[in-house]
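In: structure of the sequence below:
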Amino acid sequence: MTNSDIAKLLIDYGAVQDPTEITPLYRAVEGLNPKTILEVGVEGGGTLKLWSTLLGSDGLLVGVDMAPTYRWIDEDTDCERLFIQGNSQEEATIDKVRSVVYDRGVDFLFIDADHTQEGVTRDYNNYSPLVRPGGIIGFHDINDNCGVKQFWTALDAHKYEFINRIGIGFIVKEEK
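Out: Reported below is the predicted structural model:
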């Protein structure tokens, strides 16, 4: 997928992410040859559609949102898709996600749900343990006037960030 293709897909599927910010993250995840991708905070599903292009027929794409409005749910994709409707911070939702990805591990986790500092911290604490060592954890809105920026600033990790407007950042989960 070219950079122009990424930008077009984001526009076509109503994603609000800046192509110049998300493309470097896409390239990093692409380098993982991912099999399992989890997005927490899906809304219209534009970025979920983008991540789906990275998965083959053995891939699993999991999206979590309280009120998703997936515009492409009926479209063909190579991968298996699972949409979990619920509050990402409620135990029942977390348990559903764990039960689906437990045996697989998550190669890439994208967090874009609750934008309070407490909320993004809870999502990170609840879902980052599911990410395999060497996997990527990405965040949207790291430079916006919200709690994600505060969380990102306080996060003690080697960070990669791409800021043109409100920012995308990611970390690589350390090997244990």
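In: point out where the chain drops to low pLDDT.
Out: Scanning the chain for pLDDT under 70 picks out 68-76.
In: tell me the centre residue of it?
Out: With distances taken as CA atoms, centre = their mean, Phe110 lies nearest the centre of the chain, 1.7 Å away.
In: just say helix, strand or coil for that one.
Out: Three-state call for Phe110 (DSSP: H, G, I helix; E, B strand; the rest coil): strand.
In: contact partners for the residue nearest to Ala7 when sequence neighbours are not counted?
Out: In space, and not counting its chain neighbours, Ala7 is closest to Pro19: 3.9 Å by CB to CB, 6 or more residues apart in numbering. Every C-beta, even on glycine, is put in place using the N, C-alpha and C of the backbone. For Pro19, the contact set (CB atoms under 8 Å, 6 or more residues apart in numbering) comprises Asn3, Ile6, Ala7, Leu10.
In: what subset of these is buried?
Out: Among the contacts of Pro19, those scoring as buried are Ile6, Ala7, Leu10 (criterion: 16 or more other CB atoms under 10 Å).
In: still on that earlier bit, ok, the residue nearest to the centre of the chain - contacts?
Out: Phe110 neighbours (CB under 8 Å, 6+ apart): Ile37, Leu38, Glu39, Val40, Thr47, Trp51, Ile137, Gly138, Phe139, His140.
In: just the residues you listed: which are in strands?
Out: Members of those lying in strands (criterion: DSSP state E): Ile37, Leu38, Glu39, Val40, Ile137, Gly138, Phe139, His140.
In: any chance of a markdown table for those, columns distance to Met66?
Out: Formatted as a markdown table, the ones in strands among the contacts of Phe110 follow (distance: CB to CB, whole Å):
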| residue | distance to Met66 |
| --- | --- |
| Ile37 | 20 |
| Leu38 | 16 |
| Glu39 | 13 |
| Val40 | 11 |
| Ile137 | 21 |
| Gly138 | 20 |
| Phe139 | 19 |
| His140 | 17 |
